[in-house]
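Chemist: the following comprises the amino acid sequence and a computationally predicted model.
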Amino acid sequence: MRTSPFRVVLVALGNDHALGVRHLHASLAARGVAASMLFVEPDYRQLSHGPWFSADIDSLLAFLGPGDRTLVGLSLVTLTFPQAVALSSALRARTSAKILWGGVHPTLCPEACLPHADALCLGDGEEVLAVYLDHLAGKPLEKPVPGLLLAGSPVPRQPMRAWRAELTSLPAPSYEAADAWHIRRGRFYRGDPLRGETRHHLIASRGCPLACSFCCNERLQGALGPDRRYRTLAPRRVLDDLHAVLRERPGISRVMFWDDIFYPSQAQFLEFCELYEQELGLPFFCHVHPQWYDRARLERLRRCGCEAVGIGLQCGSELLRREVYRRPESNLELAALCAEAADLGLDLQYDLIVDSPFENDADRMTTVDFLFRLPRPARLFLYPYTEFPGTVLGEGSWTGSAVVRSSTHAEDRVGREFQVALSGMACWGKRTRALARWVRHRRRPLARRSVIALARILRVVHLGLNPGRRLSWRAWPS
């Protein structure tokens with residue numbers, strides 16, 4: 001492997017899986033450039049409340065040293081923007097390292113990000129990173145490079161974003177790399193943080209065939225054009241990558257596909273199922289949607305090894321889902337898909353958006369009623385409503401009749417506090433305890449009637465989704 005004139009350190013903020021960083025590391029390795037991967041502890045308290053632990057920054061700076069002829073690449077999303085700013089400020093104050101930002105947030109909000117970095121990578125980063133390294137080594141940029149924005153240059157109204165027409169020629173993401181490190185509470189450890197993990201997480205596509213108003217993919221589609229919004233890895237390539245991972249990590253017992261929609265194309269779907277059933281057969285999870293999936297497809301998934309599917313419900317109000325979130329599916333279609341999956345023995349995961357300013361108590365009870373009509377038990381993933389910059393909702397550029405509901409939100413305090421309290425964990429059993437702790441330790445105690453209202457709603461939802469389980473009332477204040 002050739003030695004680059006610059007030391008390259010790729011930093012993943014708050015995400016041990018960090019597929020973007022792993023893809024970039026593999027891309028550099030394929031070009032013969034050595035690079036380090038550094039994973040910072042995914043401590044969500046830090047993500048929610050601002051500054052990093054000073055020990056984390058000190059450990060990272062000690063690892064980098066003076067930073068002479070060093071390129072630090074930071075991969076970030078909106079939630080890790082404050083951490084990226086804190087780290088970049090420390091790097092500039094105490095080292096001479098060059099700083100390159102990339103990821104979803106810089107791609108959608110370059111104006112806010114460029115002051116904190118020496119350059120931004122917008123869109124797919126494999127080619128951009130290689131070009132920027134050559135530029136740092138002295139090679140002049142003869143013309144603007146799509147996806148590369150240098151500090152000091154004006155941000156165009158529609159900046160060019162890097163985009164690859166096909167993904168199959170890219171190397172597989174790096175796991176068990178020799179130069180991988182991770183930070184845990186200020187302490188440095190050598191090795192990949194996923195070492196010993198029994199689940200392998202991957203994405204077989206980039207983009208999404210849908211255009212939801214709360215998601216970055218809608219804006220990326222607008223920047224790249226409708227023909228470029230969704231690309232997939234060939235099924236043969238996915239299986240080859242999985243075989244390679246299993247050789248390096250033989251303890252893997254389950255595969256988690258995190259594509260927004262798993263292989264909408266019928267031809268690719270059938271090819272994948274045939275290859276996976278013949279060559280692997282490990283249990284796996286994926287997301288499905290009623291626009292592309294019916295009983296026949298679910299049966300094929302089940303036969304080739306699928307054990308669980310995720311279904312994005314978002315909410316129980318069709319009006320809100322259609323007019324604000326821009327989701328085309330009806331409650332009838334969602335319920336039918338859930339029923340078919342349950343009938344085939346597939347475990348279910350329901351995804352919901354909570355704490356929406358467009359909901360009132362009636363809408364929330366509509367969602368609860370809708371959940372009761374769906375098969376259970378099921379795992380429930382709650383995502384707090386967030387207006388991410390660069391999305392339709394984040395820019396306030398949506399229209400729809402459901403907007404009138406926002407005026408009732410200020411008076412809906414009990415419902416809002418209930419939703420906020422439930423938005424921090426992944427399972428209802430844990431949420432019960434989390435909500436009890438939240439009620440106990442909040443600075444201003446809830447009125448007794450509010451506690452009773454919260455308890456009643458939680459009890460109804462908890463017992464409805466987990467039949468046969470008892471909710472302990474000893475956790476509630478008297």
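Modeler: Thanks, I have it.
Chemist: okay, CA-based contacts and neighbour counts for the rest of this
Modeler: Will do.
Chemist: tell me how far Q268 lies from L242.
Modeler: Distance from Q268 to L242, counting by Cα to Cα, to the nearest Å: 17 Å.
Chemist: so where's this protein uncertain?
Modeler: Applying pLDDT under 70 to the chain picks out residues 1-4, 42-53, 157-163, 165, 221-229, 395-478.
Chemist: how is it carved up into domains?
Modeler: 7-184, 196-411 (automatic domain parsing).
Chemist: need these in TSV (columns: distance to R190).
Modeler: Listed next are the domains of the chain as TSV, based on distance: least, Cα to Cα, whole Å:
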stretch	distance to R190
domain 7-184	5
domain 196-411	14
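Chemist: reformat the ones you listed as JSON lines; add mean neighbour count.
Modeler: Below are the domains of the chain laid out as JSON lines (neighbours: other Cα atoms under 10 Å):
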{"stretch": "domain 7-184", "mean neighbour count": "18"}
{"stretch": "domain 196-411", "mean neighbour count": "17"}
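Chemist: what about F63, distance to S75?
Modeler: 18 Å.
Chemist: same check, this time on P209
Modeler: 24 Å.
Chemist: next: I252.
Modeler: Taken as Cα to Cα, the span from I252 to S75 is 26 Å.
Chemist: what do you get for A86?
Modeler: From A86 over to S75 the distance is 14 Å, taken as Cα to Cα.
Chemist: E340 now?
Modeler: Distance, E340 to S75, using Cα to Cα: 39 Å.
Chemist: before we move on, what about D294?
Modeler: From D294 across to S75, the span is 37 Å (Cα to Cα).
Chemist: again with M365
Modeler: In terms of Cα to Cα, M365 sits 39 Å off from S75.
Chemist: now the helix or strand hosting H182 - C-alpha only, PDB.
Modeler: Element membership of H182 [criterion: DSSP states H and E] is strand 180-184. This file holds the C-alpha atoms of strand 180-184, laid out as PDB (Å, rounded to 0.1, in the frame of the first residue of the first chain):
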ATOM      1  CA  ALA A 180      -9.500   1.200  13.500                       C
ATOM      2  CA  TRP A 181      -9.900   2.900  16.900                       C
ATOM      3  CA  HIS A 182     -12.800   3.900  19.200                       C
ATOM      4  CA  ILE A 183     -13.200   6.200  22.100                       C
ATOM      5  CA  ARG A 184     -15.300   5.300  25.100                       C
END
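Chemist: check which helices and strands the next helix or strand after that strand sits against.
Modeler: Once the chain leaves strand 180-184, the next helix or strand it forms, by DSSP H and E, is strand 187-190. Contact partners of strand 187-190 among helices and strands, from 3 or more Cα pairs under 8 Å, 6 or more residues apart in numbering; DSSP states H and E: helix 54-64, strand 180-184.
Chemist: now do the contacts for L393.
Modeler: 213-214, 387 (Cα atoms under 8 Å, 6 or more residues apart in numbering).
Chemist: need those residues in CSV (columns: distance to R376 and secondary structure).
Modeler: Converted to CSV, the contacts of L393 look like this (distance: Cα to Cα, whole Å; DSSP: H, G, I helix; E, B strand; the rest coil):
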residue, distance to R376, secondary structure
S213, 29, coil
F214, 27, coil
E387, 30, coil
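Chemist: spell out the secondary structure type for S88.
Modeler: helix (DSSP: H, G, I helix; E, B strand; the rest coil).
Chemist: pretty sure it contacts L100?
Modeler: No: using Cα atoms under 8 Å, S88 makes no contact with L100, being 9.6 Å away.
Chemist: which neighbours do these two share?
Modeler: Counting by Cα under 8 Å, 6+ apart, the shared contacts of S88 and L100 are A117.
Chemist: so the strand holding H182 versus helix 54-64, what angle?
Modeler: Interaxial angle, strand 180-184 versus helix 54-64 (axes from the mean of the first three to the mean of the last three Cα atoms, to 10 degrees): 160 degrees.
Chemist: name every strand pairing with strand 180-184 and say which way it goes.
Modeler: strand 35-40 (parallel), strand 187-190 (antiparallel) (DSSP bridges).
Chemist: contact partners of that strand?
Modeler: Contacts for strand 180-184 (Cα under 8 Å, 6+ apart): 36-41, 56, 59-60, 188-193.
Chemist: how about stretch 99-115?
Modeler: 20, 71-78, 81, 88, 117-123, 125, 149-151, 155, 161, 216, 219-220, 389-390.
Chemist: sorry, back to before: and which of the contacts of L393 is nearest E197?
Modeler: Taking Cα to Cα as the measure, F214 is the one of these closest to E197, at 31.2 Å.
Chemist: what distance do you get for that closest one to V155?
Modeler: Noted for F214: a distance of 24 Å to V155, by Cα to Cα.
Chemist: can you check L79 too?
Modeler: Distance from L79 to V155, by Cα to Cα: 22 Å.
Chemist: same deal with C273?
Modeler: Counting by Cα to Cα, the gap from C273 to V155 is 45 Å.
Chemist: likewise for L129?
Modeler: 19 Å.
Chemist: ok, now R185?
Modeler: 37 Å.
Chemist: can you check G251 too?
Modeler: For G251, the distance to V155 - Cα to Cα - is 47 Å.
Chemist: can you check E307 too?
Modeler: 46 Å.
Chemist: for V309, same thing?
Modeler: Counting by Cα to Cα, the gap from V309 to V155 is 41 Å.
Chemist: next, the angle strand 35-40 makes with the helix or strand hosting V21.
Modeler: Assigned by DSSP H and E, V21 belongs to helix 19-30. Angle of helix 19-30 versus strand 35-40, following the same axes, to 10 degrees, is 160 degrees.
Chemist: now helix 19-30 - C-alpha only, CSV.
Modeler: In CSV, the C-alpha atoms belonging to helix 19-30 read as follows (Å, rounded to 0.1, in the frame of the first residue of the first chain):
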residue,chain,number,x,y,z
LEU,A,19,-21.5,2.9,6.8
GLY,A,20,-20.4,6.1,5.1
VAL,A,21,-17.0,6.1,6.9
ARG,A,22,-16.5,2.4,6.2
HIS,A,23,-17.2,2.9,2.5
LEU,A,24,-14.7,5.8,2.3
HIS,A,25,-12.1,3.8,4.1
ALA,A,26,-12.5,0.9,1.7
SER,A,27,-12.4,3.2,-1.3
LEU,A,28,-9.1,4.7,-0.1
ALA,A,29,-7.7,1.3,0.5
ALA,A,30,-8.6,0.2,-3.0
